[in-house]
Structures are given as C-alpha cells and as structure tokens.
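Pasting the sequence and the predicted coordinates here, then a few questions.
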Amino acid sequence: MTALIEARGLTILRPGGLETVLRDVDFRIDPQEIVTVVGPNGSGKSSLIRALLGHMPLAAGQVARKAGLRIGYVPQRVQLDTTIPMTVRRFLSLPRRVGDDMAAQVLARTGVGGLQSRQLTQLSGGQFQRVLLARALLHDPHLLVLDEPTQGLDQPGIVAFYQLIEEVRRQTGAAVLMVSHDLLVVMRASDRVICLNGHVCCEGTPQHVSTAPEYRALFGAGSEGTLALYQHHHDHDHDHDHGAACAHPHHHAEAS
Amino acid sequence: MLDDFFIRAILAGLGVAVVAGPLGSFVVWRRMAYFGDSTAHAAILGVAISLAFNVSIYAGTVLVALAMALTVSALVTRGQAMDTILGVLSHSALAIGLVAISFVPQARSDLSAYLFGDILAVGRADLALIWAGAAAVLAVLAWRWQRLLTASVNEELAMAAGIDPRVERVVLSLALAVVVALSIRVVGSLLISAMLIVPAASARGLSRTPEWMVGNATLIAAFSVIAGLSASLHLDTPAGPSIVTAAAAIFAVSQVFRRG
C-alpha cells in the first residue's frame, strides 16, 4: 500500500531559528487510516501538521505526498473576523466555487444542513467546526487533516464530533490525520496514535501507546486514570522533568 | 460635456469611487487602515520627488507609495497590532514629504492641492489616467478575486488551497499604490484612506456577503462624490473634504440600519 504522506527525518526550527520544534521525526499515513497526534502544548504537533502540508520550511528531512493527493484541511483556531460579511454558503465556495447541490450535501452530511444563509459569525462553536469540516469534505479528499478540531467544544460536543469523523471516514473512505487534546475520546477512535514531544516518543495502537512507559512518563505516572492525563495536560510546564524516556528535546541556543 | 469643470470633477471622483469600493473593502477586512494611511501619506514625498525631477506626479506617487506599501507589508504580518511601527511610518512619511516639498519652489504655493486634493482642476488627461488606472486595478482584483478573498478570510485555509498569501499581499499593496496615486488630485494625500475606509465601513453592516459589501461600498462612495461635490459647489466648501464629509454622514446613518 502506498502511503498518502510519508516523511523522514523532519527537523523544524522555531521562527528565528534558535530552537528546534521537531527533531528527526518520521511519519507515514496510509489510505483510510485514522492517525492521531497527541502531545503536550509546545510539543510541535501543529508544526508537524503544517510541515506535512508543506506550509512550513524544513530545516532537514523530506516530505513526500502521493501524486494528486487531495487534502481537506481544518486548521487550528480559525479566527472569524467580524469585518468580513460571510454566509456559510459563500464560505463553501472559497476558493473553488461549488454548486448549491454540493453545498447542501456536505452541510447535511456534517449535521448542519439548512444553515446556508447563516452568517459565519452567528454560528455556535460546534456548528462552525462542522461547517469547516463540510468545507474540507468538498472535492472528495483522500485525506482529512484536522488540527485540534474540538477546541472550544463542550464534552458532549466533542464526543459527537468524533462520532461524526468516524462516520465520515466510513462513508468516504478518507484517511484522517488529527491533532488532539482529547486523549480519552481520541484513543478510542484512532487506528494509530503518535505521541509527540519534540520527537516521536512512542507510536502504535491506542492500547500500545497508552501502556508505553514513554507515554506514561510524558502524561503522568499514574496514567491508568485518564483524568490524570487531563490534569497533567492543563498543568503542563516546560521546566518540569518528564523523565529520561521522553525528555523535552528543545535545544536552547542560549541559557534560558 | 467634458468642457465643464464640474462634470470632469464628478467623473474623476466616480473613477476613484469605483475602485475605492472593492479596495477599501479589503482594507477593512484585512485591518489595513493604518497601512492605507502610511501609503497615502508617502504620496506627498512622491509629489515632491516628481516635481523636483520634473516627471509626472502620477509616476512619482505610484513609485513612492509602492515602496512604502511593500516596506510596511514586509514589516507587519496581518492581524498583529504593530500600530506603533505603522504610526511611526505613517507620520514620518508625511513629515518627510512636507519637508521635501518645501525644497521645490513651484510646489509650495499649491501644497494644499496635494494634501486635500484639487478635484475642480482635473483636466482631460488626468481624467483619462484616473479611469485607465481604476480599470486596471479593477481588472486585477476581479482576476484574483477568489484568491484574495480566501487569503483575507484565513491564511492557513488559503495555503491549503495552494494560494500564497504573500503574493496576494503584494497584489493588494500594488493596487493600493496605484489607487493612492489616482486619488491624490481628487481627495488629496490626507483623505485618501478616508475614501477607502469610510464607504466600506458603512457598507459592512448592510451586507451579507463580501460581494454585496463591495457593491454597497462602491455605491456609497459614488454617492458621496456626487453629494460632496454638489455641496461644495453650492456652499463654496473645499471639494475633497466635502466628499469625505458626505461619506461620513452616510456612515453615521448606516450605523442606525446595520444588521449587526
């Protein structure tokens, strides 16, 4: 099976070029796979996504995307600017215009049918994420890339959103690559989890990763209980010692 | 018909209005108000250089305004509050322009024409240039419309669709420089950004899509030109400021009717 995206030895520097965000990361995603990237804040999750999409310069390594690969992308925290009047319908036609039928179809599929004439700024957080997902589904993507798609959603909203993602994968056969905070829910939905902290700490099936010592070192010792994961995540502190198994490998040029 | 200075003034004003609607909408969407100011203020320096070297003021202003627009867009990335840098550039450009123009004897007498416009003195050649420039800018905006709009909504989404937001930024800088040069005889360096921002801001609350906003902004700008010039004729008020006053009055009224 040919990979949709395959990357080797990715190294990315923070803007300014003094510290590494990612060091020597290998990555691959195959058709129809759901791969989730987890990791603490500042672990390079979004940078990895942006590098895979080709939005970010690489300090080292290569990214190979399958020829003709169509990607549907939901970026992190799309900030809606109230200065631009924009209906849901018009938004779906950016930058490629789509017909009314197609627009109605993707909106219905993501559970926000009939909202065509609504202003984007008048949508709830959950509705807006679904509109972004609908837009990403236009033009039959082979791969959906979702960067923290459930930010700002409440717990039931998060669960519903992941159910929707699984359903979309079932219907369209698109592979899904996502970055997520929602460890508990994501673990269940994914085929493969990559635990990132400046490099790949551990990788594999959700079961494998959740019992891996590297993962426990990163997300807290008693990580049998997922509550601890949340706790640790929100209190994440870069000066904190994660343990030798997954030390934060940021290289500071000057002592900080 | 073109023999009448008032008709020429109206036509020159409308030429600026048709391009101020769409470009002004981008200025509002991308929060480039101060950016427009710096570019417009740099035009005075362009006038001084043009007069000193005896070249067309349009050529001089386009070049200086473009240099300024590119400098500013290199210094600031969109959305970030770099208002101090922009404030420094904007006011320095104006001050340096005013100092430079004081060295050009023939310009000292009609300095106010460059600061506030001199639309009643627009000749046929000016008129032709204004409309040709406006048509060129409109053509570029229409050609790149979807790309410009996507990049203005969200740069990440634009990049994912293969659009380079930096290219779109340069396109808008270029368009802005041309419009500044076209507008200097009409409303003058100090009020150009008002012509861009005020009609678009008025149109915002009345519009549901970007295209409607552009259409409404253009109509409001055109109406401001006609109302302002007529008022200026009857009340003997300065033409450029009268146009902007008319636009400001429409803005005030539009706030009452906005859709939220």
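Good, I have the coordinates. Numbers count the residues shown, from 1 in each chain, chains lettered A, B, ... in the order given.

Residues of the stretch 51-200 of chain A that sit close to chain B?
The stretch 51-200 of chain A has residues A:53, A:55, A:71, A:73, A:75-76, A:78-79, A:81, A:83-87, A:90-91, A:94-97, A:117, A:119, A:145 near chain B, with proximity defined as C-beta under 8 Å from any C-beta of the partner chain. Every residue, glycine included, has its C-beta placed from N, CA and C.

ok, now with 6 Å
A:His55, A:Tyr73, A:Pro75, A:Val78, A:Thr83, A:Ile84, A:Pro85, A:Thr87, A:Arg90, A:Leu94, A:Pro95 (C-beta under 6 Å from any C-beta of the partner chain).

Lowest pLDDT pick from these?
Among these, A:Val78 carries the lowest pLDDT, at 78.

SS state for that one?
coil (DSSP: H, G, I helix; E, B strand; the rest coil).

Can you tell me the closest non-neighbouring residue to it?
B:Asn154 (5.4 Å; C-beta to C-beta, 6 or more residues apart in numbering or on different chains).

Compute the distance between that neighbour and B:Ile49, please.
39 Å (C-beta to C-beta, to the nearest Å).

ok, A:Val209 touching A:Tyr215?
Yes - A:Val209 is within contact range of A:Tyr215, at 5.2 Å (criterion: C-beta atoms under 6 Å).

ok, and what's touching the helix or strand hosting B:Ala65?
According to DSSP states H and E, B:Ala65 maps onto helix B:57-75. Outside helix B:57-75, the residues that touch it by C-beta atoms under 6 Å, 6 or more residues apart in numbering or on different chains are B:35, B:38-39, B:42-43, B:45-47, B:49-50, B:85, B:129, B:169, B:173, B:176-177, B:180-181, B:184.

If we go by neighbour counts, what in that helix is buried?
For helix B:57-75, a neighbour-count test (16 or more other C-beta atoms under 10 Å in any protein chain shown) marks B:57-58, B:60-73 as buried.

neighbours of the residue nearest to A:Val78, just the number please.
Neighbourhood size, B:Asn154 [other C-beta atoms under 10 Å in any protein chain shown]: 20.

How are the strands of the stretch 51-200 of chain A distributed by residue range?
A:60-65, A:71-74, A:143-147, A:175-179, A:192-196, A:200-204 (DSSP state E, counting those that start in this stretch).

Please report how far B:Ser3 lies from chain A.
For residue B:3 the amino acid is Asp, not Ser. 42 Å (C-beta to the nearest C-beta, to the nearest Å).

ok but that residue is inside a strand, no?
No - applying three-state DSSP, one finds B:Asp3 to be coil, outside a strand.

List the residues that contact A:Ala175.
Contacts of A:Ala175 (C-beta under 6 Å, 6+ apart): A:Leu4, A:Ile29, A:Pro31, A:Gln32, A:Glu33, A:Leu143.

Tell me who's in contact with the first one.
Going by C-beta under 6 Å, 6+ apart, A:Leu4 touches A:Ile29, A:Lys66, A:Leu69, A:His142, A:Leu143, A:Ala175.

Only whichever of these are buried, select them in PyMOL.
Here is the PyMOL selection string for the buried members of these, based on 16+ other C-beta under 10 Å:
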select buried, chain A and resi 29+142+143+175
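
residue of the stretch 101-250 of chain A with the smallest distance to chain B?
Across the stretch 101-250 of chain A, no residue is closer to chain B than A:Gln119, which sits at 7.0 Å (C-beta to the nearest C-beta).

Kindly report the residues of chain B close to chain A.
So chain B meets chain A at B:28-29, B:146-147, B:150, B:154, B:156, B:159-161, B:207-209, B:213 (C-beta under 6 Å from any C-beta).

Mark which of these are buried, thanks.
So, by 16+ other C-beta under 10 Å, the buried ones in the residues of chain B next to chain A are B:28-29, B:147, B:150, B:154, B:156, B:159-161, B:207-209, B:213.

In terms of distance to B:Ala248, which of these ranks first?
The shortest approach to B:Ala248 among these belongs to B:Val28, at 15.1 Å (C-beta to C-beta).

Without its sequence neighbours, what residue ends up closest to that closest one?
B:Ala200 (4.4 Å).

which other residues reach the helix or strand encompassing the one you found?
Per DSSP H and E, B:Ala200 falls inside helix B:192-204. By C-beta under 6 Å, 6+ apart, the residues outside helix B:192-204 that reach it are B:20, B:24-25, B:27-28, B:33, B:36-37, B:40, B:180, B:183, B:187, B:213, B:216-217, B:220-221, B:244, B:247-248, B:250-251, B:254.

Return the subset of those residues lying in strands.
For the contacts of helix B:192-204, not one is inside strands, with DSSP state E as the criterion.

before we move on, back to that, format the contacts of A:Ala175 as JSON lines; extra columns: distance to B:Ser92.
Formatted as JSON lines, the contacts of A:Ala175 follow (distance: C-beta to C-beta, whole Å):
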{"residue": "A:Leu4", "distance to B:Ser92": "51"}
{"residue": "A:Ile29", "distance to B:Ser92": "51"}
{"residue": "A:Pro31", "distance to B:Ser92": "57"}
{"residue": "A:Gln32", "distance to B:Ser92": "58"}
{"residue": "A:Glu33", "distance to B:Ser92": "56"}
{"residue": "A:Leu143", "distance to B:Ser92": "49"}
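
Show me which of those is closest to A:Leu48.
A:Ile29 (11.5 Å).

pretty sure the closest one is touching A:Ile5, no?
Yes - counting by C-beta under 6 Å, A:Ile5 is a contact partner of A:Ile29 at 5.4 Å.

got the buried residues for stretch A:99-117?
Going by 16+ other C-beta under 10 Å, stretch A:99-117 has these buried residues: A:Ala103, A:Val106, A:Leu107, A:Arg109, A:Thr110, A:Gly111, A:Val112, A:Leu115, A:Gln116.

got it, and stretch A:33-47?
A:33-40, A:42-47.

And the helices in chain A, which stretches?
Using DSSP state H, the helices of chain A run over A:45-53, A:88-92, A:100-109, A:125-137, A:155-172, A:183-189, A:206-211, A:213-219, A:226-234.

Between the ones you listed, which one is closest to B:Phe5.
Once the helices of chain A are compared by C-beta to C-beta, helix A:88-92 is nearest, at 42.6 Å.

The closest one: how far from the chain's middle?
23 Å (C-alpha atoms, centre = their mean, to the nearest Å).

List the buried residues for it?
Those would be A:Val88, A:Arg89, A:Arg90, A:Phe91, A:Leu92, for helix A:88-92 by 16+ other C-beta under 10 Å.

who touches it?
With C-beta under 6 Å, 6+ apart, helix A:88-92 has contacts from A:Val98, A:Ala103, A:Leu115, A:Gln116, A:Arg118, A:Leu120, A:Val131, A:Arg135, B:Thr209.

The same query, at a cut-off of 8 Å, please.
A:98, A:100, A:103, A:106-107, A:112, A:115-120, A:123, A:131, A:134-135, A:138, B:153, B:209-211 (C-beta atoms under 8 Å, 6 or more residues apart in numbering or on different chains).

And for stretch B:207-216?
A:84-87, A:90, A:117, A:119, B:21-22, B:25, B:29, B:149, B:200, B:202-204, B:206, B:259.

Buried subset of these as a PyMOL selection?
Filtering the contacts of stretch B:207-216 down to the buried ones (16+ other C-beta under 10 Å) takes a single PyMOL command:
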select buried, (chain A and resi 84+85+86+87+90+119) or (chain B and resi 21+22+25+29+149+200+202+203+204+206)
